[in-house]
Every structure is written in C-alpha cells, then in structure tokens.
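Asks: pasted the sequence and its predicted model underneath.
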Amino acid sequence: MKYIKMITTLLLLAGAVSLISGSGKAESHDFESNEMGEFFIGETETAVFAGGCFWGVEGVFERLEGVEDVVSGYSGGSAETARYNLVGSGKTRHAEAVRIVYDPSQISYEKLLEIFFLVAHNPTELNYQGPDVGTEYRSAVFYIDETQKMKTEKYIKELEMKKRYSKPIVTQLEKLDAFYPAEAYHQNFMKLNPNHPYIVYWDIPKVRDLEERYPELLSQMK
C-alpha cells in the first residue's frame, strides 16, 4: 500500500533537500510556447504522464534514448498543496506525475505514449496502481496542447480497437496547468535505491519488460 512509501519518506526526510519553497508553496515549472502552441525547453519537447507511483514511471522513461530529463512531481492541483504529505491524502486533486523532456528527433510523442500505456503502468486500473490506492495514483495524460490531446485520443482508440486490454481504459486526459517537482528524495528514486522492496517487487519488472520488448529504444548511456 501507499504506506510503504510513507515509511520510506519518514526515513529519508532527515537527509532530504526539499524542493518546496520557504513560503510553503511548491515550485512550478513553466514552459515557453511558440506560435504553434507547442512547449519547448530549447530544442526539446515535454510530456507529462501520471501512472501510479512516480518512482517506477520515472525509472522506465529515464532509460529511453532521446529522453533528456525525467522529473517526478505533481499535476492536477494547486501549488499550495503540492507536497507529498498532502497529496497522499487524496484530497488535493493532484496526481503523482512525471515530466519528460525529450528530443523529438530521436523519440516521438507517440512512442512515449506507447511506452506509457504498454509498459509504465496499467491504464485499466481506476484510481489505483498495484498496491497504491487513491485518486493521486490515477492514470492520466496531462496534455500541453491540442496536438498532444488528439494524439493521445487516437492512440487510446487504437488500443481499444485492437482489444489490447480486456478491461476498459480509464486514463484521464487533463489539460496541464502546472507541474510541481516533488521533493528531492523522490527524484531518481529507482536509480538510487535499486534494492528497495517496493522497487524490487513493483518497478524492476517494468524495466525488465522494457528491456525485453524495446531493446532498440534503450539509451546506452543510462
């Protein structure tokens, strides 16, 4: 259950460097928009996905060639409550999410969607993933523009037509208003804690699945 993570949080808090500002509000990352309404950081583009505990989702995407940065955080709620101890109550409207900065010349948004839906999480689980229950663990794509929204809708329809899952896909499409980076001790959690019981049981299998099914997508530098 989510309490496994909460215990880990208590153990790590003493040495953690928080990304929460002194005012008690979380830092949000804004992006500059070009005339096409797309969001960029330099020559890269950005995707924001929520698929349960961000530890494992981050761990999957950070292994892909063309992905330059993956940050765990919160989307769907306000800055005032974008803190782990509050998000865990399920009352803040946030979802645990990851912000993926990628080079579209190396990997496409469509391919990121494929990895998200087929490897990183189970899109048929409504408001839970594995042992973690609550709306903060919902399946969601936080689209930045209408292009991302349409591509996501198209891909979901393709999965449904192919009957990829025996249950309905419950992934929510939500307009991205802001992304709030999570506390420092959540960042790169799988990479820094590969033997943590939660990681070993729930997240390492996702990475193994990625390695077996998509070896051509893996970065040799990570």
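Replies: Received it, and whenever you're ready, just let me know what you need. Only a predicted model underlies this, so the values are computations on that prediction, with no experimental measurement involved. Residues are numbered from 1 along each chain as shown.
Asks: from now on I want contacts and neighbour counts done on CA atoms only, so please keep to that.
Replies: OK.
Asks: can I get the lengthiest helix in the chain in PDB, CA atoms only?
Replies: If you go by DSSP state H, the chain has its longest helix at helix 146-161. Extracted C-alpha coordinates of helix 146-161, given in PDB (Å, rounded to 0.1, in the frame of the first residue of the first chain):
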ATOM      1  CA  GLU A 146      -4.400  20.200 -28.700                       C
ATOM      2  CA  THR A 147      -1.900  18.200 -30.700                       C
ATOM      3  CA  GLN A 148      -0.900  16.100 -27.700                       C
ATOM      4  CA  LYS A 149      -4.600  15.700 -26.800                       C
ATOM      5  CA  MET A 150      -5.500  14.400 -30.300                       C
ATOM      6  CA  LYS A 151      -2.600  12.100 -30.500                       C
ATOM      7  CA  THR A 152      -3.500  10.600 -27.100                       C
ATOM      8  CA  GLU A 153      -7.100  10.200 -28.000                       C
ATOM      9  CA  LYS A 154      -6.100   8.500 -31.300                       C
ATOM     10  CA  TYR A 155      -3.800   6.100 -29.600                       C
ATOM     11  CA  ILE A 156      -6.300   5.100 -26.900                       C
ATOM     12  CA  LYS A 157      -8.900   4.400 -29.700                       C
ATOM     13  CA  GLU A 158      -6.300   2.200 -31.400                       C
ATOM     14  CA  LEU A 159      -5.700   0.200 -28.300                       C
ATOM     15  CA  GLU A 160      -9.400  -0.300 -27.800                       C
ATOM     16  CA  MET A 161     -10.000  -1.300 -31.400                       C
END
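Asks: any idea how far that helix is from the chain center?
Replies: Relative to its chain's centre, helix 146-161 lies at 18 Å (C-alpha atoms, centre = their mean, to the nearest Å).
Asks: mind starting the numbering at 746 from now?
Replies: Fine by me, first position is 746 from now on; the one you just mentioned is helix 891-906.
Asks: which residues does the residue most central in space within the chain contact?
Replies: Residue closest to the mean C-alpha point of the chain, counted by C-alpha atoms, centre = their mean, is residue 843 at 2.9 Å. Taking C-alpha atoms under 8 Å, 6 or more residues apart in numbering, we find residue 843 in contact with 793-795, 799, 802-803, 815-819.
Asks: could you dump the residues you listed into CSV and include distance to residue 924?
Replies: Output for the contacts of residue 843, formatted as CSV (distance: C-alpha to C-alpha, whole Å):
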residue, distance to residue 924
793, 8
794, 11
795, 11
799, 13
802, 16
803, 15
815, 12
816, 10
817, 9
818, 7
819, 6
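Asks: could you single out the nearest of those to residue 898?
Replies: Of all the contacts of residue 843, residue 898 sits closest to residue 794, with 14.0 Å by C-alpha to C-alpha.
Asks: mind telling me what element that closest one is part of?
Replies: strand 789-796 (DSSP states H and E).
Asks: other residues contacting whichever helix or strand comes after that strand?
Replies: The helix or strand immediately downstream of strand 789-796 is helix 799-806, counting by DSSP H and E. Identification of contacts with helix 799-806 by C-alpha under 8 Å, 6+ apart yields 796, 812, 815-818, 841-843, 845, 861, 865-866, 931-936, 944, 947-949, 951-952, 955.
Asks: kindly recompute the last result at 6 Å.
Replies: Helix 799-806 has contacts (C-alpha atoms under 6 Å, 6 or more residues apart in numbering) with 817, 841-842, 865, 934-935, 948, 952.
Asks: flag the shaky bits of this protein, pLDDT-wise.
Replies: Along the chain, segments meeting pLDDT under 70 span 746-787, 966-967.
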